[in-house]
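>>> Need a 3D model of the sequence below.
(chains A, B, C and D)
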Number of protein chains: 2
Amino acid sequence: MSMFKKVLVSDDLECINEGVVSVLHGMNIEHITQVAYCDDAFLQIEKAMLVKEPFDLLITDLSFVADHRSQKYPSGETLIRALKEKYPGLKIIAYSVEDNLQKVRNIVLQCNADAYVCKGRYGLKQLAQAIEDVYGGKQYLSPQVANAIQKKMAIEISDYDIEILKLLSQGFIQKEISFNFTKNNIQPASVSSIEKKISKLCDHFKARNTTQLVAIVKDIGLI
Amino acid sequence: MSMFKKVLVSDDLECINEGVVSVLHGMNIEHITQVAYCDDAFLQIEKAMLVKEPFDLLITDLSFVADHRSQKYPSGETLIRALKEKYPGLKIIAYSVEDNLQKVRNIVLQCNADAYVCKGRYGLKQLAQAIEDVYGGKQYLSPQVANAIQKKMAIEISDYDIEILKLLSQGFIQKEISFNFTKNNIQPASVSSIEKKISKLCDHFKARNTTQLVAIVKDIGLI
DNA sequence: AAATCCCTTACGGTTTTCCGTAAGGGATAA
DNA sequence: TTATCCCTTACGGAAAACCGTAAGGGATTT
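Numbering: from 1, shown residues only, chains lettered A, B, ... in the order given. Below you'll find the predicted structure:
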């Protein structure tokens, strides 16, 4: 049975790194490299590519706690996006504690990750399954987030909507949002349109008012 | 050098469990038991106490993903609180990815945990330090949350405040909150008082309106 | 070209929020 | 007792949100 030969593991939590590595060992993968920063991950992959010994697979966490080292890629998202643009052939598995569907959609649809595995109770088992599936050219999602990819909702909520929600959560009133949009050439920019859009969002998320709307979209990780 | 003899590790993420165990081994602690559910943790501690071979220390995660097994203690909070009430002598270290100060305050001040360690980049090193400190009768907090315990803020925000914030986040308007409080004999219950309290909270959290207020308190984990 | 549809915008009225002021009442101090 | 302080409550006006309606304009259809 063939399998990935060379794998890079990126996670700032050392103990999780160890768990992943033990899984890889269990699958008889010998060439394993570990890093704790996204920038290191990128460099490792670049370097390996240059010396013609590229990595086959990257397993990366999403959230990396910031510390004294300033980073070009502060999060798994940015890392995945950059890598998939430059090396579309590289397989990437996201391995995160986050299980909100919006996050999963973003990682899989926008960043083009090949799999999304939740660090849950059976995380390592699922990770093993993900590695097999991805090796076979398939996509893998942990069961608890498998229903994230029904593009319906993904396209219903636009960047425009998210911008409004962000500004609302920052305390701006509708008139100020209108000014902001006018200034930045975002359309529609009228108070009336923004008002209607907020109303639509309230319907969609079953919120009774703006306050609850922001609470809800914060809960599901939309902003 | 003496040290804890018998330790229980509770964490639903198997890989993290392994990391913690490797630290304990490194400290020459031999009797280590692992569980993946809070209820199991409680039972193990009860049982050990009955046969007069009690655990000295519990290291537990806070968030346990719910699955098919219904649990009496669904989270680390409830587990810690229950254990500390029944066995005040048992040392408990919380080990969590969450780093918001409100959560830390709750765990340390309300639940009486002996230490709070963040699963960060240096989580295992900090955990080792925490074990030593707690063994020496001291409290330990990871550096990134060390400033959580300035009781000032902890007492400024009351259960009453939190109830208002919760209801706001659920879309209730001030009049409805007033009805609710009247019905439940919570005072003050007048719209005017609730209005003023919200205003105070907006000042305190530097929010421009209720929407931003809810966004902020959600961010810091207050609700 | 005319009709239709949809999106944007404007407007008016009601509800809710926001903010200052003030009255009433209980606790404490002079 | 009187004075003072603080908390609760009421009230009124301005700002903002909420909600329905309608006009204007661009794109598509007939």
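
>>> doesn't residue A:145 make contact with residue A:104?
Yes. Applying Cβ atoms under 8 Å as the test, residue A:104 and residue A:145 come out as touching, 4.6 Å apart. Heads up, the C-betas are built off the backbone N, CA and C, glycines and all.

>>> which residues are in contact with both of these two?
Jointly contacting residue A:104 and residue A:145 under the rule Cβ atoms under 8 Å, 6 or more residues apart in numbering or on different chains are residue A:116.

>>> Please identify which of the two sits among more neighbours.
Set side by side, residue A:104 and residue A:145 show more neighbours around residue A:104, with 25 against 22, by other Cβ atoms under 10 Å in any protein chain shown.

>>> residues contacting that one?
Neighbour list for residue A:104: A:116, A:141, A:145, A:148, A:149 [criterion: Cβ under 8 Å, 6+ apart].

>>> where does chain A come near DNA strand C, residue by residue?
By the rule Cβ under 7 Å from any atom of the strand, the part of chain A lying against DNA strand C is A:187, A:188, A:189, A:190, A:191, A:192, A:193, A:195, A:196, A:209.

>>> Tell me how many other residues surround the fifth one.
Using other Cβ under 10 Å, residue A:191 has 16 neighbouring residues.

>>> Now for it: which residues touch it?
Residue A:191 is in contact with A:174, A:175, A:177, A:178, counting by Cβ under 8 Å, 6+ apart.

>>> State the distance from it to residue A:208.
Going from residue A:191 to residue A:208 by Cβ to Cβ, to the nearest Å gives 21 Å.

>>> Could you export stretch A:132-149 as CSV, CA atoms only?
Taking Å, rounded to 0.1, in the frame of the first residue of the first chain, the C-alpha atoms of stretch A:132-149 are listed here in CSV:
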residue,chain,number,x,y,z
GLU,A,132,-6.1,8.2,3.3
ASP,A,133,-8.9,10.1,1.6
VAL,A,134,-6.7,13.0,0.5
TYR,A,135,-4.1,10.6,-0.7
GLY,A,136,-6.8,9.0,-2.9
GLY,A,137,-7.6,12.5,-4.3
LYS,A,138,-10.8,12.8,-2.3
GLN,A,139,-11.9,15.6,0.0
TYR,A,140,-12.5,14.9,3.7
LEU,A,141,-14.5,16.7,6.4
SER,A,142,-15.0,15.6,9.9
PRO,A,143,-18.6,14.3,10.4
GLN,A,144,-19.5,17.1,12.8
VAL,A,145,-18.9,19.6,10.0
ALA,A,146,-19.6,17.5,7.0
ASN,A,147,-22.8,19.5,6.2
ALA,A,148,-20.9,22.7,6.0
ILE,A,149,-20.5,22.5,2.3
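
>>> which outside residues touch it?
By Cβ under 8 Å, 6+ apart, stretch A:132-149 touches A:3-4, A:57, A:91, A:93, A:99, A:101, A:104-105, A:108-109, A:114-118, A:120, A:123, A:126, A:129-130, B:65.

>>> Equivalent analysis for stretch A:21-29, please.
Counting by Cβ under 8 Å, 6+ apart, residues outside stretch A:21-29 touching it are A:3-5, A:7, A:9, A:32, A:34, A:124, A:127-128, A:131, B:15, B:18.

>>> thinking again about what came up before, top of the contacts of residue A:104 by neighbour count?
When neighbours are taken as other Cβ under 10 Å, the top entry among these is residue A:116 (30 neighbours).

>>> doesn't that one fall inside a helix?
No. Counting by DSSP: H, G, I helix; E, B strand; the rest coil, residue A:116 is not found in a helix; it is strand.

>>> Return the set of residues that bridge with it.
Beta-bridge pairing for residue A:116 (DSSP bridges): residue A:94, residue A:141.

>>> In this structure it contacts residue A:98, no?
No. Residue A:116 sits out of contact with residue A:98 when judged by Cβ under 8 Å, with a separation of 9.3 Å.

>>> returning to that earlier point: so which of the contacts of stretch A:132-149 sit within helices?
A:101, A:104, A:105, A:123, A:126, A:129, A:130 (DSSP state H).

>>> Tell me how many other residues surround the fifth one.
Counted with other Cβ under 10 Å, residues neighbouring residue A:126 total 22.

>>> residue contacts, it?
So residue A:126 contacts A:117, A:118, A:120, A:140, A:142, A:143 (Cβ under 8 Å, 6+ apart).

>>> What ranges in chain A fall below the confidence cut-off?
Along chain A, segments meeting pLDDT under 70 span A:1, A:14-17, A:121-122, A:150-155.

>>> Kindly report the residues of it close to chain B.
Contact residues (Cβ under 8 Å from any Cβ of the partner chain) of chain A with chain B: A:12-16, A:18-20, A:22, A:36, A:64-65, A:67, A:97, A:99, A:119-124, A:144, A:168-173, A:207-212, A:214-215, A:218-219.

>>> now, which of the residues you listed lie within strands?
Taking DSSP state E, every one of the residues of chain A next to chain B sits outside strands.

>>> Whichever of those end up buried, select them in ChimeraX.
Of the residues of chain A next to chain B, the buried ones can be selected in ChimeraX as follows, counting by 16 or more other Cβ atoms under 10 Å in any protein chain shown:
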select /A:12,13,14,15,16,18,19,20,36,64,65,97,99,119,120,121,122,123,124,144,168,169,170,171,172,173,207,210,211,212,214,215,218
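
>>> Of the residues of chain A next to chain B, which are in range of DNA strand D?
By Cβ under 7 Å from any atom of the strand, the members of the residues of chain A next to chain B lying near DNA strand D are A:173, A:209, A:210, A:211.

>>> Which parts of chain A are helices?
Assigned by DSSP H, the helices in chain A fall at A:14-26, A:38-50, A:76-86, A:101-105, A:123-135, A:151-156, A:159-169, A:174-183, A:191-204, A:210-219.
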